[in-house]
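**Student:** can't give you the sequence, but here's the structure:
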Ligand SMILES: [Zn+2]
């Protein structure tokens, strides 16, 4: 382009902008030199927030987001008091003014935190009234000393348990969140009083006993965020002292990944960035991104935005059949929402949408009447049978059941309401920012204090166009921020039908600063292109993306009821069509030419996250891989190295958005020929025990074959190797037994006890144990045994008078209220 043409275009652009009276610019985040005049944001010395949460009620979601909330209100979340035993009102410690009673742990606040917000966002009077009943009760539980909530969480209580430390503050951390949005909804000053008194109690609590031993120590940044929330409203200086104390005593997420439990990761990796608001130490901000890189770099080479967490990340288990807990999906979405406010960095909006669109919807059935514990990128059957150790947890994990999954069953409630509350945010320069795109209506004060309403009309992320209709009582000047997602190279903007020339880079804001009229229309187009992502750590499998959506094979689903009630049934889901496909990709052809996009009509009921109602589909070329099958547990076999050989015919298959697919393949092997292509191997069967073994009981997720598998632990809390446990048996007398193929002479054994105290589990070293040997039909104690050791992190050896026997039995007495287990049992 010639110099004169550039000058001419610049003049034309300027003229156009003048005609529209707009200043248009591109920024990476809103400036923090000013402070929003209308909405509560960080007070000094806390770092200023580039994005500010609007009070609850300011955003009225529409379209599919509203539909999720309505379905949630009619589904198990809206009716959980009728389903969950933890929400039974009789004798509930959360409802008792003196905090006595039962069921006083995390379940009530987990549910109430989302349930209340659901009511406020929807304006649902039934839900608002039910939430108020629980909130009122919680407000009345505060004692003279400032502590509130169930007293069983304190050492002074008769019900107190040794494994929670001097005080278990975790349940209250969640209840504080429920109280905070209740305050934003009602401005009920009792909330501020309760929080102030409670935080004084926390500040006075002896520091060395403040947070240990586990859950509360891990998750204390939730407490910290609530301290800052109150500080921004009251300015009480003591709250900053408490903030520093919480940071000093909590798990060291600022130094490393402090726990590999999947929910702790999703919830706590954000901790250092939260404290950064007070410390202003750049390393704290970097530590959150370092945590993210450490976790996702190893376990996150999968589509859907989460990682292979199961219960805990385990070495070697990082493929697309590993799963994420529903709690972790909602906690990660919340982390992104919080980090957006603190940093203004739009990568958190992209990461939030990735999980919200691709991973979170299938955590529940399409009618939101049942949920499961674990969601995987690749899963071909969701039955209630045990899948451990392929997936870490044993027993029912994948099937949909509204009566089960305890933590997720209650905690899932906040996923969609919190998402809806963060679609729009205020900016420090008295503007508004569209950060998570969805149909909605936002009403907020801008510019000189005029209230403006912006209606967003869109089917995003299933469509690439958004229309914003602006209305106000009078014209008002303010900056409007529009987010450009990371996948969008060439966004287009039109104001009242006139195109604005703009070069906005991905993950930036387009800022349009002008006097907005009373019915201005702004059109934003975010062109979506098809892209492939390869996952080298996972067999070089491939995922197909278009815009923010990742696509999955469309698999026929058959729902079979296996439990529950007629009103609230539980479902297994089985495939009715083949799923074992590899994609046929031609490296010489442009990607866009290899997939055909088919737009379908928008579902009348506004629920797009259904296999058969997906508003957009794609076709692709694929070949079956006959040896890719489910393993002996009914778990999809892991992806093997691509390219993969296949002599099957090439077929045209349909892909649908991952979020619409409950059975799904979204990390595909791909087909190749030639000598480098892999011959896919059938799944390997169950490992056999080296010595035939029996047990009085073994937890479904563990295996008695662990005792003699010669996989040696590095410490007693080693989760990287198989184990046997008597979980959930507690305080009982239990046994394990070796049946030798031929009688043998034994005079010594060694036992390595499993004990997951450090990671918050329920297994401990036993109170005592002894050995017996079979003598004919009798079991006899071995004689002259040396000490029966119960030490952690080592083999406990015992010698005795040698006997010749066909079987040896190890009998243990479990500690009171504890279970136990063994990692290895060697016989000499
Ligand atoms: Zn959970």
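**Tutor:** Here it is on my side, so go on. Just so you know, these numbers come straight off a predicted model, no measurement behind them. Residues are numbered from 1 along each chain as shown.
**Student:** buried residues in the strand ranked longest in the chain?
**Tutor:** Using DSSP state E to define each element, the chain has its longest strand at strand 733-754. Along strand 733-754, these residues count as buried under the neighbour rule (16 or more other CB atoms under 10 Å): 734-738, 740, 746, 749, 751-754. Using the backbone N, CA and C atoms, a C-beta is placed for each residue, glycine as well.
**Student:** sec struct for the residue of the stretch 201-350 of the chain found nearest the ion, please.
**Tutor:** In the stretch 201-350 of the chain, the residue that lies nearest the ion is residue 327 (3.0 Å; CB to the ion). Put simply, residue 327 is helix when judged by DSSP: H, G, I helix; E, B strand; the rest coil.
**Student:** ok, now which ones touch it?
**Tutor:** The contact partners of residue 327, taken as CB atoms under 8 Å, 6 or more residues apart in numbering, are 263, 266, 407-408, 411-412.
**Student:** hang on, the earlier thing: could you identify the most distant pair in the buried residues of strand 733-754?
**Tutor:** Of all pairs drawn from the buried residues of strand 733-754, the greatest distance, 23.6 Å, lies between 740 and 754 (CB to CB).
**Student:** against residue 822, how distant is residue 393?
**Tutor:** Distance, residue 393 to residue 822, using CB to CB, to the nearest Å: 19 Å.
**Student:** I'd like the next helix or strand past the lowest-mean-pLDDT helix or strand in the chain.
**Tutor:** Among the helices and strands of the chain, helix 3-20 carries the lowest confidence by mean pLDDT, DSSP states H and E, at a mean of 51. Downstream of helix 3-20, the next assigned helix or strand under DSSP states H and E is strand 22-27.
**Student:** and the pLDDT for the residue lying closest to residue 260 once chain neighbours are set aside?
**Tutor:** In space, and not counting its chain neighbours, residue 260 is closest to residue 313: 4.4 Å by CB to CB, 6 or more residues apart in numbering. Among the per-residue scores, residue 313 shows a pLDDT of 96.
**Student:** residue 313 reaches residue 263, doesn't it?
**Tutor:** No - using CB atoms under 8 Å, residue 313 makes no contact with residue 263, being 11.5 Å away.
**Student:** got the contact list for the residue nearest to residue 260?
**Tutor:** Residues near residue 313 by CB under 8 Å, 6+ apart: 260, 262, 265, 295, 298-299, 307.
**Student:** can you tell me which two in those are farthest apart?
**Tutor:** By the measure CB to CB, 262 and 298 form the most distant pair in those, at 13.0 Å.
**Student:** comparing these two, which residue is more hemmed in?
**Tutor:** Between residue 262 and residue 298, counted using other CB atoms under 10 Å, the more crowded position is residue 262 (29 against 15).
**Student:** what's the pLDDT at that one?
**Tutor:** Reported pLDDT for residue 262: 97.
**Student:** do you know how far it is from residue 527?
**Tutor:** Going from residue 262 to residue 527 by CB to CB gives 35 Å.
**Student:** cool, and residue 268?
**Tutor:** Here the distance between residue 268 and residue 527 works out to 37 Å (CB to CB).
**Student:** more neighbours: those two, which one.
**Tutor:** Just comparing residue 268 and residue 527: by other CB under 10 Å the higher neighbour count belongs to residue 268, 27 against 13.
**Student:** quick check: phi and psi on that one?
**Tutor:** Note on residue 268: its backbone torsions stand at phi -110, psi -10 [degrees, to the nearest 10].
**Student:** likewise for residue 797?
**Tutor:** Torsion angles, degrees, to the nearest 10, at residue 797: phi -90, psi 140.
**Student:** who are the neighbours in contact with residue 344?
**Tutor:** By CB under 8 Å, 6+ apart, the residues touching residue 344 are 28-30, 32, 49-51.
**Student:** restricted to buried residues, select the residues you listed in PyMOL.
**Tutor:** Buried residues within the contacts of residue 344, by 16+ other CB under 10 Å, are selected in PyMOL with:
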select buried, resi 29+30+32+49+50+51
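**Student:** quick one: mean pLDDT for whichever strand or helix holds residue 350?
**Tutor:** Assigned by DSSP H and E, residue 350 falls within helix 347-354. Mean per-residue pLDDT for helix 347-354: 98.
**Student:** interface residues of the stretch 401-550 of the chain facing the ion?
**Tutor:** Proximity of the stretch 401-550 of the chain to the ion, by CB under 5 Å from the ion, involves residues 407-408.
**Student:** ok, now with 8 Å
**Tutor:** 405-409, 411-412 (CB under 8 Å from the ion).
**Student:** kindly report the same for the stretch 201-350 of the chain.
**Tutor:** Residues of the stretch 201-350 of the chain that fall close to the ion, judged by CB under 8 Å from the ion: 263, 325-328.
**Student:** how does it look with 6 Å?
**Tutor:** 325-327 (CB under 6 Å from the ion).
**Student:** show me where the stretch 451-600 of the chain has strands.
**Tutor:** Counting by DSSP state E, counting those that start in this stretch, the stretch 451-600 of the chain has strands at residues 465-472, 476-484, 492-495, 498-500, 508-516, 521-525, 530-535, 541-546, 549-553, 557-564, 569-575, 581-583, 596-599.
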